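Asker: generate a structure from the sequence data that follows.
(2 chains)
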Amino acid sequence: MSSIEALRSALSAIMANALRSLLTMLGIVIGVAAVIAMVAIGSGARNLVDRQIRSLGANLAVITAGNVTQGGVRLGVGAASTLTDEDAEAIRREVDGVVAAAPFVQGSVQVVAGGENWGTRLYGVDLDWFAARDWDVAYGRSFDPEEIRRGDIVVILGQTVVRSLFGEDDPMGRSVRVRNVPFRVIGVMAPKGQSAFGQDQDDVIFVPLDAGRRRVLGRNYAKDRSVGSIFVKFATEENIEPGIDAMTHLVRQLHRIGGDQEDDFSIRNLTEIANTASASANTLSILLAAVAAVSLLVGGIGIMNIMLVSVTERTREIGLRLAVGARPRDILGQFLIEATTLSTIGGVFGVGFGTAAAYLVAQMAGWPSLVSANAILIAVGFSALVGIFFGLYPAKRAARLDPIEALRRE
Amino acid sequence: MALIEVRDLGRVYHLDADRVVALDHVTIDIEKGEFVAVMGPSGSGKSTFMNLIGCLDRPTGGRYRLAGAAVESLDANALAGLRNREIGFVFQQFNLLPRTDALSNVELPMIYAGLNRKTRRERAMKALHRVGLADRAHHRPMQLSGGQQQRVAIARALVNGPSLLLADEPTGALDSRTSGEILSLFEELNRDGVTILLVTHDAEVGRHARRLIRFRDGRVTEDRCRMPLDSRDLMPGTAA
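Answerer: Below you'll find the model as predicted:
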């Protein structure tokens, strides 16, 4: 029997018991809808986390000077210095896989523009900083190397600061005062949104490194060339672990730290933090999908149940088909296709309802909802598989029937 | 070579510990074009004989040649093919598929023969015409009388052009007038060259056949021709 004939016969059998078929399908509809919705919601949540994490910059490690509050004291005894530009320079030069090493200083400042003022964080940075954080200006321009070298008093503002100080006005070329130093606005950063830890990353201003530490934050730093931290960006994730070891070794050497002395700095692998957060989001998605898959399984059992009933009811029909020349495998195929048709139609409707549900939840939660084409294909394919899997046993029972017995059955 | 050659055919059932001999060394030849009635009380082995002849069952002993094929050595798929090509079944309860119309019911054997839809429609229509039901092609079994349903079943049995029409109590569910019509149809088909094997316990029905084989306790007790046949059919079946 050709598959078209089998499909036609399956559809007519399904239509003959329309209500029963509909109820059976409902199990699959709910199962597939649950899978689609849960996967979409899960991947939406993961996407949100990923986006927050990526906003930090990929393949990033940060070196922080050790015990900043005690820094002065320890420097006083001359056993170690805090991090410096030279450390960053050395890392950039000597550690494999380093794309950018960005020394920076930061501190809380009050910014004044005209009649408005605003408390924010100031970063003194060099050009590598923007490369390390994968962050660029939205309009205006970034620093030029000369401005960095000279420590010019120019500033790039974050979006939140622009809104707070200038409202709708154009801040370009205006002057903002930080600790009474007038900085000229040359650019505005692209918006970056919340960090994974809930911070507003746009509430920030950037000035050249030397301008920051000499003119604004100067007294917090002991030496001319000191910096608070260094962002180190690696080319690939594989570079990070060996890179951190190499940096530790290098900076200990530069700081003349002997064998069993403690580091006067600490290195954190930000990618690792990101991965952990991402992994927990992943776990959540998998859990959601697993719960949904269980309901799909229950739907499959419903199909099996109804197919067994159908085989029993249609025993005479099977006997007749065998008598007029159906081979056992024709009977097997017929019932298998019937089960698969049921489950696939259910799957298609399930995709519709699931997509709608995912969209609704995403709207309410304000999440990005992702119903991918892949998820739809997998769900429909999976529901077909459910039909084959749960239809196989009833179909085999039908195919194994003895034609004489089957014809005699009432 | 006869259409059906049965030699020492046996069928033994094992019911729990009991060994039941349903058919005991039966030897029969049936030629092409014969109209044979198989008779006997229930338990005589006539149903077992019919199931074996119809390739629905396999013998536990002896040989069976249908149109030259050694049936006892065929597997389930080959038996299905043989049933499809060589045998048309007519049952007491008609066994039509209730959800589809007469035409689709007649098409069924051709689906398993792998014929395309157009050919199937044409041949099914022709078969319905032959049993006088061309105007009922699109009626469902429920909308047809018992006699009409049986005619549809006969059309279905004939549609693949089988060597043998195997009818199991074909008038058992019909009133006497309709029974007469169906039996006349059989006679007419037989005159056109269709070989018919009719299984019945009703002597009235058996009288329409030209040869009678009687079973009792799994053996053939009688095998005779009722009326003179033409020269081709003169050789009678070999009684056991």
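
Asker: count the residues that sit near residue B:5.
Answerer: Neighbour count for residue B:5, taken as other Cβ atoms under 10 Å in any protein chain shown: 18. Yep, even glycine has a C-beta here, placed from its N, CA and C like the rest.

Asker: just confirm it contacts residue B:62, I think it does.
Answerer: No. Counting by Cβ atoms under 8 Å, residue B:5 stays clear of residue B:62, with 10.5 Å between them.

Asker: excluding chain neighbours, what is closest to residue B:41?
Answerer: Closest residue to residue B:41 apart from its sequence neighbours, by Cβ to Cβ, 6 or more residues apart in numbering or on different chains: residue B:201 at 6.5 Å.

Asker: can you give me the neighbour number for the one you found?
Answerer: Residue B:201, neighbours per other Cβ under 10 Å, totals 15.

Asker: contacts only, for it.
Answerer: Neighbouring residues of residue B:201 by Cβ atoms under 8 Å, 6 or more residues apart in numbering or on different chains: B:39, B:40, B:41, B:42, B:169.

Asker: of those residues, buried ones?
Answerer: Of the members of the contacts of residue B:201, the ones counted as buried by neighbours, 16 or more other Cβ atoms under 10 Å in any protein chain shown, are B:39, B:40, B:169.

Asker: surely the first one touches residue B:46?
Answerer: Same thing as residue B:39. Yes. Using Cβ under 8 Å, residue B:39 is in contact with residue B:46, at 6.8 Å.

Asker: what distance do you get for the residue nearest to residue B:41 to chain A?
Answerer: Distance of residue B:201 to chain A, given as Cβ to the nearest Cβ, to the nearest Å: 16 Å.

Asker: let me see the contact set for the residue in chain A that chain B sits nearest to.
Answerer: At 2.4 Å from chain B, residue A:325 is the closest residue in chain A, using Cβ to the nearest Cβ. With contacts defined as Cβ under 8 Å, 6+ apart, the neighbours of residue A:325 are B:80, B:81, B:83, B:84, B:85, B:109, B:112, B:113, B:160.

Asker: top of these by neighbour count?
Answerer: Greatest neighbour count in the contacts of residue A:325, by other Cβ under 10 Å, goes to residue B:109: 30 neighbours.

Asker: surely it touches residue B:156?
Answerer: Yes. If you go by Cβ under 8 Å, residue B:109 and residue B:156 touch, sitting 6.3 Å apart.

Asker: need the overlap of contacts for those two.
Answerer: A:324, B:88.

Asker: next to chain A, which bits of chain B? Give me the list.
Answerer: Residues of chain B lying near chain A by Cβ under 8 Å from any Cβ of the partner chain: B:51, B:54, B:56-57, B:76-77, B:80-81, B:83-85, B:89, B:91, B:95, B:97, B:99-100, B:108-109, B:111-114, B:156, B:160.

Asker: out of those, which are inside strands?
Answerer: Members of those lying in strands (criterion: DSSP state E): residue B:89.

Asker: hey, what's in contact with both of residue B:39 and residue B:46?
Answerer: Joint contacts of residue B:39 and residue B:46 (Cβ under 8 Å, 6+ apart) are B:199, B:215.

Asker: so what touches the helix or strand of chain B with the lowest mean pLDDT?
Answerer: Lowest by mean pLDDT, DSSP states H and E among the helices and strands of chain B is helix B:203-206, with a mean of 87. Outside helix B:203-206, the residues that touch it by Cβ under 8 Å, 6+ apart are B:37, B:39, B:171, B:179, B:183, B:198, B:200, B:212.

Asker: pull the CA atoms of whichever helix or strand comes after that helix into PDB?
Answerer: Going down the chain from helix B:203-206, the next helix or strand is strand B:211-216, by DSSP states H and E. Backbone C-alpha positions of strand B:211-216 (Å, rounded to 0.1, in the frame of the first residue of the first chain) are rendered in PDB as follows:
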ATOM      1  CA  ARG B 211     -19.900 -30.700  -7.900                       C
ATOM      2  CA  LEU B 212     -20.400 -31.500  -4.300                       C
ATOM      3  CA  ILE B 213     -17.700 -32.400  -1.800                       C
ATOM      4  CA  ARG B 214     -19.000 -33.500   1.600                       C
ATOM      5  CA  PHE B 215     -16.800 -33.400   4.700                       C
ATOM      6  CA  ARG B 216     -17.200 -35.300   8.000                       C
END
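
Asker: and the longest strand anywhere in chain A, how far from the chain's centre?
Answerer: Longest strand of chain A, by residue count under DSSP E: strand A:98-113. Remark: strand A:98-113 is offset 27 Å from the chain centroid, using Cα atoms, centre = their mean, to the nearest Å.

Asker: what is the helix or strand that it is followed by packed up against?
Answerer: Heading C-terminal from strand A:98-113, the first helix or strand you meet, by DSSP H and E, is strand A:116-125. Counting contacts by 3 or more Cβ pairs under 8 Å, 6 or more residues apart in numbering or on different chains; DSSP states H and E, strand A:116-125 is packed against strand A:98-113, helix A:159-166, strand A:204-208, helix A:209-210.

Asker: turn the ones you listed into TSV, including distance to chain B, mean pLDDT and mean neighbour count.
Answerer: Putting the helices and strands packed on strand A:116-125 into TSV (distance: least, Cβ to the nearest Cβ, whole Å; pLDDT from 0 to 100; neighbours: other Cβ atoms under 10 Å in any protein chain shown) gives the following:
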stretch	distance to chain B	mean pLDDT	mean neighbour count
strand A:98-113	66	89	20
helix A:159-166	68	90	20
strand A:204-208	73	93	26
helix A:209-210	82	89	24
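
Asker: that's a helix at residue A:326, yeah?
Answerer: No. Going by DSSP: H, G, I helix; E, B strand; the rest coil, the assignment for residue A:326 is coil, not a helix.

Asker: can you give me the helices in chain B?
Answerer: B:46-53, B:76-86, B:102-112, B:117-130, B:146-158, B:176-191, B:203-206 (DSSP state H).

Asker: same question for the second one, mean pLDDT?
Answerer: Averaging pLDDT along helix B:76-86 yields 92.

Asker: and it, what does it pack onto?
Answerer: Counting contacts by 3+ Cβ pairs under 8 Å, 6+ apart, helix B:76-86 is packed against helix A:315-323, helix A:328-365, helix B:102-112.

Asker: so the helix or strand containing residue A:240 versus strand A:98-113, what angle?
Answerer: Following DSSP H and E, one finds residue A:240 within helix A:240-254. Orientation check (axes from the mean of the first three to the mean of the last three Cα atoms, to 10 degrees): helix A:240-254 against strand A:98-113 gives 80 degrees.

Asker: what is the rounded mean pLDDT of helix A:240-254?
Answerer: Taken as a whole, helix A:240-254 has a mean pLDDT of 87.
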